[in-house]
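J.: Let's see this in three dimensions:
(2 chains)
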Amino acid sequence: GEQVEQRPPHLSVREGDSAFITCTYTDPNSYYFFWYKQEPGASLQLLMKVFSSTEINEGQGFTVLLNKKDKRLSLNLTAAHPGDSAAYFCAVDQGGRALIFGTGTTVSVSP
Amino acid sequence: NAGVIQTPRHKVTGKGQEATLWCEPISGHSAVFWYRQTIVQGLEFLTYFRNQAPIDDSGMPKERFSAQMPNQSHSTLKIQSTQPQDSAVYLCASSPGTDYAEQFFGPGTRLTVL
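T.: Residues are numbered from 1 along each chain as shown, chains lettered A, B, ... in the order given. As a prediction, this is how the structure comes out:
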């Protein structure tokens, strides 16, 4: 079955710096990919859904890149601020079934 | 739209007791998913329903865990004879049910088994 590896497990950056998180997956049939943010004590908040091969999506304060050739999904928090401090999870959807989550990255942004 | 509602938010049980967790999906969503989150195992899929029918329970421990969706407005996860290793945050998510649709998560129920 699909396996998703997420790196790094922890990331500490200063305000204004970038924070880069990468997920690699194994199943070439995986089709849709998601990034979720989880603030302490809160539930999972959807950041972005991507599906096209080799796509760069820009959200508010972050960029997502999907490279299906390399089976790699990445999230870049650009100009991080303390409000970005949270756990981030990538997730893979193989077709309307359960999401397979990465192991998570805890990001800490210091002023 | 109130989002996915889960009750209770916190539940403490003694070892061997039963725990029932409730989930109310977003109105109009036809798919409901249950996940479990722990520090050690991360986010694990348990089971899901589509149009109230059980579709995949491959993540459910075969003993003591059961899930139902008696109507389109709620689903329950029941754990019989709870054990300390069942302590986790149990998350419910719903989605419109179309392929590759986003799943929207509830706040979770933190279960502590003493």
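J.: tally of neighbours for A:Ile21?
T.: If you count neighbours by other CB atoms under 10 Å in any protein chain shown, A:Ile21 ends up with 24. The C-beta positions use only the backbone N, C-alpha and C, and glycine is treated the same way.
J.: Could I get the contacting residues of it?
T.: A:6-8, A:11, A:74-77, A:88, A:90, A:105, A:107 (CB atoms under 8 Å, 6 or more residues apart in numbering or on different chains).
J.: can you confirm it is in a strand?
T.: Yes. Counting by DSSP: H, G, I helix; E, B strand; the rest coil, A:Ile21 is part of a strand.
J.: how far away is it from A:Ala80?
T.: Per CB to CB, to the nearest Å, A:Ile21 is found 11 Å from A:Ala80.
J.: Quick check: neighbours shared by those two?
T.: Shared contacts of A:Ile21 and A:Ala80 (CB under 8 Å, 6+ apart): A:Val107.
J.: From B:Gly16, how far out is the closest residue to B:Arg64 other than its chain neighbours?
T.: Spatial nearest neighbour of B:Arg64, chain neighbours left out: B:Gln80 (4.7 Å); criterion: CB to CB, 6 or more residues apart in numbering or on different chains. The spacing between B:Gln80 and B:Gly16, counted by CB to CB, is 9 Å.
J.: go on, A:Arg14?
T.: For A:Arg14 relative to B:Gly16 (CB to CB), the value is 49 Å.
J.: Isn't A:Val4 up against A:Cys90?
T.: Yes. Counting by CB atoms under 8 Å, A:Val4 touches A:Cys90, with 6.4 Å between them.
J.: who's more crowded, these two?
T.: Set A:Val4 next to A:Cys90 and count neighbours by other CB under 10 Å: A:Cys90 wins out with 28 against 23.
J.: what sits opposite the residue nearest the centre of chain B in the beta ladder?
T.: For chain B, the residue nearest the mean C-alpha position is B:Trp34 (3.5 Å; CA atoms, centre = their mean). Beta bridges link B:Trp34 to B:Thr47, B:Cys92, judged by DSSP bridges.
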